[in-house]
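Chemist: Okay, structure incoming, though there's no sequence with it:
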């Protein structure tokens, strides 16, 4: 059977974007004018009060269930708490709603025998108001609960809000989405849109000059002294000094790449290489990176003398500090260069680390991620092929991730992002990935999401 060839050439599309723009006049600025408008029914479940008790022990563990046609969504539940406050938002795609009413039910999780319904609210969907940005989300209000026959209960109220809006609504990003209904628990966090900032990287320059007054283990041999520098998991060493005495010299440069915020320390150890291929520590010093001088210009740093010491512990407590000479070094954080964390050929940022050296911004890059079509199946779920796709875009230090559209080969995201641009000779990288972390478990904890296209 011949394999069907896939056409990867650029194709012209005609998305329905910019329909709300007003030409030749003033309009409110929209941050979603490069994508198609998507309409959602938003339901915010806030809290409950005076719920009637059905359990024999007088304690209930309530949760709220929202049912619209074939869609079911539930809040978290409380275990033996006097106050019931959820403050969760649910978003249902309006184009997929097949029902005319919505049923919001408060249930008791621990009530196993009989009906666990505490009370419910039934809402006709055509009565839900429209509330579009830049208006704030609709304020919540109290609704009295009814029994299964539609009669109002004497006690029990639920505070909630419901409104129609678009993906531009401020609660959209953190809401539960109906297109990820099969995902539950902590895996829901993986389906949401996110923006990341890469940490600012610096070059840490260490110029090891000389040491004085070292205390070798034996006076009967010439010491083979070198310096070891450690930052995090990175270890660098100088050569063995040609001076076989207690005042060795190196004048050697070591360079690390370190990231803000500076929680790590630079640990410098002077070591003597013995004849049996073992090492003896002659002393060390610890320098906190947060205390290291930051330099913007390529000028030589002033050398400083650092005391070499060795801390003796006894029963886990510091007993004494022994001093073993001094070490002369130039240590500084160099912010005059750009530290690459991506391919040079696809570089999206060439600015130096220090903000004071940046050139002026030349514009703003706006990206509308609309949809994808014809994605390939990546895995099996319930015996059938499927894909849970999201889109990732990177420019400069900013990464953005769209929400994950579950179980679709033609996902629609319609999300818009922007970046500040300082150099036109840079590259924007966009990729589509399959989310393999939706169902938790240790088996997928360290797995990378496979790339679909880039």
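Modeler: Sure thing, it's come through. Note that the structure is a prediction, hence the values are computed from the model and not measured. Numbers count the residues shown, from 1 in each chain.

Chemist: make it CA atoms for all contacts and neighbour counts henceforth
Modeler: Noted.

Chemist: so residue 283 sits in a strand?
Modeler: Yes - using DSSP: H, G, I helix; E, B strand; the rest coil, the assignment for residue 283 is a strand.

Chemist: Number of residues surrounding it?
Modeler: Under the neighbour criterion other Cα atoms under 10 Å, residue 283 is assigned a count of 24.

Chemist: list the buried ones in stretch 401-419?
Modeler: Within stretch 401-419, the residues that count as buried by 16 or more other Cα atoms under 10 Å are 401-409, 411-417, 419.

Chemist: which ones among these are found in strands?
Modeler: With strands defined by DSSP state E, the entries of those inside them are 401, 412, 413, 414, 415, 416, 417, 419.

Chemist: ok, residue 175 touching residue 92?
Modeler: No - proximity of residue 175 to residue 92 does not meet the contact threshold set by Cα atoms under 8 Å, at 9.7 Å.

Chemist: neighbour-wise, which of the two wins?
Modeler: Set side by side, residue 175 and residue 92 show unequal neighbour counts under other Cα under 10 Å, the larger going to residue 92 at 22 against 18.

Chemist: Run through the residues that contact that one.
Modeler: Going by Cα atoms under 8 Å, 6 or more residues apart in numbering, residue 92 touches 40, 41, 42, 177, 178, 179.

Chemist: Checking it next. Helix, strand or coil?
Modeler: With three-state DSSP as the criterion, residue 92 was assigned strand.

Chemist: and residue 179, helix, strand or coil?
Modeler: Secondary structure state of residue 179, per three-state DSSP, is helix.

Chemist: repeat for residue 77
Modeler: Strictly by three-state DSSP, residue 77 counts as coil.

Chemist: check contacts around it.
Modeler: Contacts of residue 77 by Cα under 8 Å, 6+ apart are 61, 62, 63, 64, 109.

Chemist: try residue 424
Modeler: Shown here is residue 424, which makes no contacts under the criterion Cα under 8 Å, 6+ apart.

Chemist: Now it. Its backbone dihedrals?
Modeler: The phi and psi values for residue 424, taken as degrees, to the nearest 10, are phi -80, psi -20.

Chemist: next one: residue 346
Modeler: Backbone dihedrals for residue 346, given as degrees, to the nearest 10, come out at phi -120, psi 30.

Chemist: and residue 174, helix, strand or coil?
Modeler: Look at residue 174: counting by three-state DSSP, its state is coil.

Chemist: To what extent is the closest residue to it other than its chain neighbours buried, counted in neighbours?
Modeler: Nearest-residue entry for residue 174: residue 192, 6.8 Å, with adjacent residues in sequence omitted and distances by Cα to Cα, 6 or more residues apart in numbering. Neighbours of residue 192 under the rule other Cα under 10 Å: 20.

Chemist: these two touch, right, residue 89 and residue 177?
Modeler: No - using Cα under 8 Å, residue 89 and residue 177 do not qualify as a contacting pair, with a distance of 9.0 Å.

Chemist: The two: who's more crowded?
Modeler: When neighbours are counted by other Cα under 10 Å, residue 177 comes out ahead of the other of residue 89 and residue 177, with 24 against 21.

Chemist: how close does that one sit to residue 110?
Modeler: Per Cα to Cα, to the nearest Å, residue 177 is found 26 Å from residue 110.

Chemist: if we can go back for a sec, need the ones in strands among the buried residues of stretch 401-419 in TSV with distance to residue 242, can you?
Modeler: Supplementary listing: these in TSV, determined by distance: Cα to Cα, whole Å:
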residue	distance to residue 242
401	54
412	66
413	64
414	65
415	62
416	61
417	57
419	53
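
Chemist: Greatest separation within these: which pair is it?
Modeler: With distances taken as Cα to Cα, the most widely separated pair in those is 412 and 419, at 21.9 Å.

Chemist: Sweet, I'm off.
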